[in-house]
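1. here is a sequence with its predicted model. Questions after.
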Amino acid sequence: MLLHLKVPREKNDSLLKSMKDKARKLCSNPGFPEIRGHIVLDAQHESPGVKLLRNKVTEVILRCKCVSHTLVGTQVPLNFVYLQEIFMERSFSRRNTGLPVLRKTEVQQLVKERDVLMDDSEMNQAAKFLHDAGKGFGIIKF
């Protein structure tokens, strides 16, 4: 919940308590996430609240898991990086010829030419990953 108010300092405590109570009431319904804390921010300058919010966001992100793996700090397999480089080179060389499309047979040939050890399953997984990450630099037609 975000609220912008200019309130005299003597009314801050009662207003903050009222806002917290209202937020708890609104978010106590099924389907809403648990409120883990309230942070008071002053958007006019760097404040302890802004630092606390940054730390809380970082803490939540570091706790997030995707299929039992953390989302932060995960390294991309080197073969995926090689495939991305292939896509980038081909995409740039084909920009003036219309849509930069690579067929599966072309990708397989390029992977073979570069001596990248990658089977069809890994190549499909890498292409999907690069597409989902916005790093495909073109359309891959399989």
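-> Now that the structure is in, tell me what you want to look at. Numbering: from 1, shown residues only.

2. okay, strands next: where are they in this protein?
-> With DSSP state E as the criterion, the chain has strands at 65-66, 69-70, 101-103, 139-141.

3. report the mean per-residue pLDDT for the last one.
-> Across strand 139-141, pLDDT averages out at 48.

4. worst mean pLDDT among the strands of the chain?
-> When I compare the strands of the chain, strand 139-141 is least confident, with a mean of 48.

5. so where is this protein shaky, pLDDT-wise?
-> Applying pLDDT under 70 to the chain picks out residues 1-9, 43, 65-74, 94-96, 98-100, 135-142.

6. ok, which stretches of it are helices?
-> Applying DSSP state H to the chain gives helices spanning 12-27, 48-63, 78-93, 104-113, 120-132.

7. how about a markdown table for those, with mean neighbour count and distance to Glu34 added?
-> Backbone N, C-alpha and C define where each C-beta goes, glycine included. What follows is the helices of the chain, written out as a markdown table (neighbours: other C-beta atoms under 10 Å; distance: least, C-beta to C-beta, whole Å):
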| stretch | mean neighbour count | distance to Glu34 |
| --- | --- | --- |
| helix 12-27 | 12 | 8 |
| helix 48-63 | 12 | 12 |
| helix 78-93 | 16 | 36 |
| helix 104-113 | 15 | 45 |
| helix 120-132 | 16 | 29 |
